[in-house]
Structures are given as structure tokens and as C-alpha cells.
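Colleague: sequence and predicted structure, then a few things I'm wondering about:
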Amino acid sequence: MTTAGLKSAPGGALRGTVRAPGDKSISHRSMILGALASGTTTIEGLLEGDDVLATARAMQAFGARVEQEGVGRWRVEGKGGFSEPSDVIDCGNAGTGVRLIMGAAAGFAMCATFTGDSSLRGRPMGRVLDPLARMGATWYGRDKGRLPLTLKGGSLRGLVYTLPMASAQVKSAVLLAGLHAEGGVEVIEPEATRDHTERMLRAFGAEVLVEDRGGVRHVRLPEGQKLKGTHVQVPGDPSSAAFPLVAALIVPGSEVTVEGVMLNVLRTGLFTTLQEMGADLTISNVRVESGEDVGDITARHSQLKGVVVPPERAPAMIDEYPILAVAAAFADGPTIMRGIGEMRVKESDRIALTAAGLQACGVTVEEEPEGMTVVGTKGGNHPVRGGGKVITHGDHRIAMSHLILGLAAQEPVEIDEPGMIATSFPGFVSLMTGLGGSIVEA
Ligand code: S3P
């Protein structure tokens, strides 16, 4: 892990064609479902970031055989269930990893103890433990269900559960526990969240019934589903593609294409918002790969204007607000983002750190309990100053977003902890420098 900081500096246009790394959400799920299934699962395009590698190690600890066969190519031999791990499961920085694995593990009569890095140990797990406890699992942990905690599962009852917050992680934990619950489970989603678990459960042979009742999604997993190993082609991660694409939008003269980006509508809220801001984004070569729409996205430098982002769009872009805020800094007029309280419980408090980072770079940001407004500088004809030293609290998306800002600002931008970028986008620096960006050790 790099200990020095990183610094990005303004320079020439960004040009070229790149591939987005594999989608993080789908990579975690392919490992977990592969381990829960009977037989062989082959995975291509897996994101080999630290988060997913922690999930791969966890699956081994629960009894699956997990082997790397080449770059992005993995084989998982599942035993049709989990067996008790002999040591603590360390999920690193990964909220998705630990929450989905706890859901999966709750289905089995065994004890497992989970921990993670200091960021993960500070994040709320009660949101997953509450429904699991209602199904019959027991747990002992720190205050408010913080890690480290021990979970004991087995003999689960079925559950009809209305999500109290828009969280695909909570939905997925209940569905995975539901694989071994008497009577199955139903998750009711007042706001639709990413549906990768539902899609992948079907690809592994399970019956998942989804009904839209007046805009409310009911996701039902009937009792007794058996998973069978399959092949998973992991599409490119739209949350990672966002960084080079926004860079192209804000650096004059740029044109960048990112190939193979997943276009699931429950993930593409950022691209819709950028188009509303006037971004020149074109999507081509749309095809279906492993049940997901995938396409190539080209971004050209654009004059952006501020917009009001509809709050109901938040679940489809929840990880992208930091990079949207960077684009908004270069737009004409304010961009208003509301209904994003969930950002405060991500790898860091992302509203606070985005606001602080942009303010350190001379951008006017108003922070609200569940929102923020970024006042773009273009209208006043003031370029973004940059020059900030940004504190990332080990948050990969905060780090990458501010490095992108530095490529288009007047003065270089420095971030403190670049090692965490490898959790989701291990090749970020070389990909950006390959496009012509200047990112060097600080
Ligand atoms: C994810 C869901 C989101 C997202 C996270 C990945 C997933 O979290 O922020 O990066 O793969 O299910 P929540 O479900 O908690 O909103």
C-alpha cells in the first residue's frame, strides 16, 4: 500500500479508450453465490480490488474452494452451503462484503465472527442484524451492532420485510438468509435499489418473483431454492467509469470512451444527471452480457449547467455524488442534491468530506443534514482554484473524486491516503495517466 499522498495537476486534454474495471457489486455477489451453490462457478472480469479479495478469502473460510485462473478469471467450487469458519472473518473495508456474507451465513447453524478495518468497524450493521434477528439469528456485538460481532444462525423463520432505508445491501442480506428460511422471504422496497442479487439468484437457478405494486417493489424468494454453479461475466462498473468520464467532461479538449460499462437503470442515475447538465455523453454498442445491459460511453468536454437532482434518483447513483459534486463545481450555477442522507454512512461521511474537499479547493458548498448544494463557478467566470490538501479518511471515492478535480483546476490537488483506491479501482492512477492526466506522488 502506498503511504505517500498523491497529487493531480492540470494539463492537456484527456484522450483515449479504456475499459472500466469489473463491477464491485456483481463481483462480491458472484463469489458469495458461487460459494453457496453446489458445483462450479466460473467468473470472468472479476474486480480484483481489495474489497472483493476479502470476500473471496471469506468464502474460502466458509468452506468453498476459490482459485484464480488468470487475470479476472476465477473458479469457485461451492459445497451447497457454508461450514463454520475456524477464525475471525475480516472483510476489510467492504460494507457490501460483510453485510451480504452475514445474511448468507445466518442461514446455517454455526457461529461466525466478523470484523473489518477502522472504517467498517464504525459503520452501522444494525440495519442487517435487525431483520436477521427477526428471522431467528442471534448476535453479540459492540454498541449499535458495530463490528467486531459474532453471529449465530440456523433454523430461520420466513420474513416479510419493508426496507426502512433504500439499501440493496439490506435487501440482499435478507434474500440470502431467505435461501434457508422456512416459508421464504419477501422484501418490500418503497424505493427501488440495485437488483443484482435478484438477477444473479435467478442465474444460479433460484425462483425470484418481483412485482411492482404502485411503484413499490415486492421481491419474493419462495422457500426451498437450490443454487447451482454457473458462469458469471462481470460487466464494467459504472461507479468506476464515472471518474474518467467526468474528467473528460471538465478538462477542455478531452474525449474519452469507456468500454463495457454496465447500464442497469438502477445504477445509471449519474449519467442521466450529467446529460441533464448538458454533458456530451454518447452511449453506443449496447448489448446484453450475463443478463445485464452493457455499452460503451463516450464523454467529450462540455459546458455544464447546474441542476436540481431529483431525490428519488439517489439509490441509482448513491456512490456517485462525490464525483457529481466535482462536475457541479465546473458547471454554470448551483447543483442541488437532496435525499442523500445515506451518504453519511458510507466508507466515510461522504457529504462532510465532499463539502470539505471542495471548499479546500475554493468551491462554495452548502452542507445540509441530508443534502448539499455545490455552487458552480462557470457562471461567474471564475475557474475552480484547486490547491487543496484533501483529507479522505481512507475513502476511495473521496480520493478519486478530488484527484479528478485537480486535473481541471488551476492548481494541483493533493489527497492523503491513496492506498484505499485499490478497494474498488486498483488501476485508477495508470488508467488516468494513460489518458494524459498528471497524477504523481505528493
Ligand atoms: C451496494 C449497495 C450500496 C452501495 C454500495 C454497494 C451493493 O449500498 O453504496 O457501494 O452492492 O449492494 P447500500 O445498499 O447500503 O445503499
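Modeller: On my side now, so go ahead. Since this is a predicted model, take the numbers as computed values, not measurements.
Colleague: so where's the stretch 251-400 of the chain uncertain?
Modeller: Low-confidence segments of the stretch 251-400 of the chain (pLDDT under 70): 379-381.
Colleague: helices of that one, start to end?
Modeller: 269-276, 321-329, 350-360, 396-408 (DSSP state H, counting those that start in this stretch).
Colleague: nearest to V98, out of those helices?
Modeller: Nearest of the helices of the stretch 251-400 of the chain to V98, taken as Cβ to Cβ: helix 396-408 at 16.3 Å. C-betas here are computed from N, CA, C, even on glycine.
Colleague: just the angle between that closest one and helix 321-329, please?
Modeller: Computed by axes from the mean of the first three to the mean of the last three Cα atoms, to 10 degrees, the angle separating helix 396-408 from helix 321-329 equals 20 degrees.
Colleague: which strands or helices does helix 396-408 pack on?
Modeller: strand 6-9, helix 238-250, helix 321-329, helix 350-360, strand 389-390, strand 413-415, helix 428-434, strand 438-441 (3 or more Cβ pairs under 8 Å, 6 or more residues apart in numbering; DSSP states H and E).
Colleague: is the third one positioned near the ligand?
Modeller: It refers to helix 321-329. No: between helix 321-329 and the ligand, judged by Cβ under 6 Å from any ligand atom, nothing touches; the nearest distance is 10.4 Å.
Colleague: export the helices and strands packed on helix 396-408 to JSON lines and append columns for distance to P310.
Modeller: As requested, the helices and strands packed on helix 396-408 are exported to JSON lines (distance: least, Cβ to Cβ, whole Å):
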{"stretch": "strand 6-9", "distance to P310": "31"}
{"stretch": "helix 238-250", "distance to P310": "18"}
{"stretch": "helix 321-329", "distance to P310": "13"}
{"stretch": "helix 350-360", "distance to P310": "18"}
{"stretch": "strand 389-390", "distance to P310": "28"}
{"stretch": "strand 413-415", "distance to P310": "30"}
{"stretch": "helix 428-434", "distance to P310": "29"}
{"stretch": "strand 438-441", "distance to P310": "33"}
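Colleague: dump those into JSON lines; add mean neighbour count as well.
Modeller: Output for the helices and strands packed on helix 396-408, formatted as JSON lines (neighbours: other Cβ atoms under 10 Å):
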{"stretch": "strand 6-9", "mean neighbour count": "22"}
{"stretch": "helix 238-250", "mean neighbour count": "27"}
{"stretch": "helix 321-329", "mean neighbour count": "28"}
{"stretch": "helix 350-360", "mean neighbour count": "22"}
{"stretch": "strand 389-390", "mean neighbour count": "20"}
{"stretch": "strand 413-415", "mean neighbour count": "26"}
{"stretch": "helix 428-434", "mean neighbour count": "18"}
{"stretch": "strand 438-441", "mean neighbour count": "16"}
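Colleague: thinking again about what came up before, rebuild the helices of the stretch 251-400 of the chain as a markdown table, extending it with distance to V187.
Modeller: Formatted as a markdown table, the helices of the stretch 251-400 of the chain follow (distance: least, Cβ to Cβ, whole Å):
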| stretch | distance to V187 |
| --- | --- |
| helix 269-276 | 21 |
| helix 321-329 | 25 |
| helix 350-360 | 25 |
| helix 396-408 | 26 |
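Colleague: nearest to G5, of those helices?
Modeller: Across the helices of the stretch 251-400 of the chain, closest to G5 is helix 396-408 (Cβ to Cβ), at 9.3 Å.
Colleague: quick one: the strands in the stretch 201-350 of the chain?
Modeller: With DSSP state E, counting those that start in this stretch as the criterion, the stretch 201-350 of the chain has strands at 209-213, 216-221, 231-233, 255-262, 280-289, 292-300, 308-309, 334-338.
Colleague: could I get those as TSV with distance to the ligand?
Modeller: Output for the strands of the stretch 201-350 of the chain, formatted as TSV (distance: least, Cβ to the nearest ligand atom, whole Å):
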stretch	distance to the ligand
strand 209-213	16
strand 216-221	13
strand 231-233	14
strand 255-262	12
strand 280-289	18
strand 292-300	13
strand 308-309	16
strand 334-338	15
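Colleague: any idea which of those strands is most buried?
Modeller: The highest mean neighbour count among the strands of the stretch 201-350 of the chain, using mean count of other Cβ atoms under 10 Å, belongs to strand 255-262: a mean of 23.
Colleague: what angle separates that one from strand 292-300?
Modeller: Angle, strand 255-262 to strand 292-300, by the same axes, to 10 degrees: 170 degrees.
Colleague: residues from the stretch 251-400 of the chain in reach of the ligand?
Modeller: Counting by Cβ under 6 Å from any ligand atom, the residues of the stretch 251-400 of the chain close to the ligand are 318-319, 342, 346.
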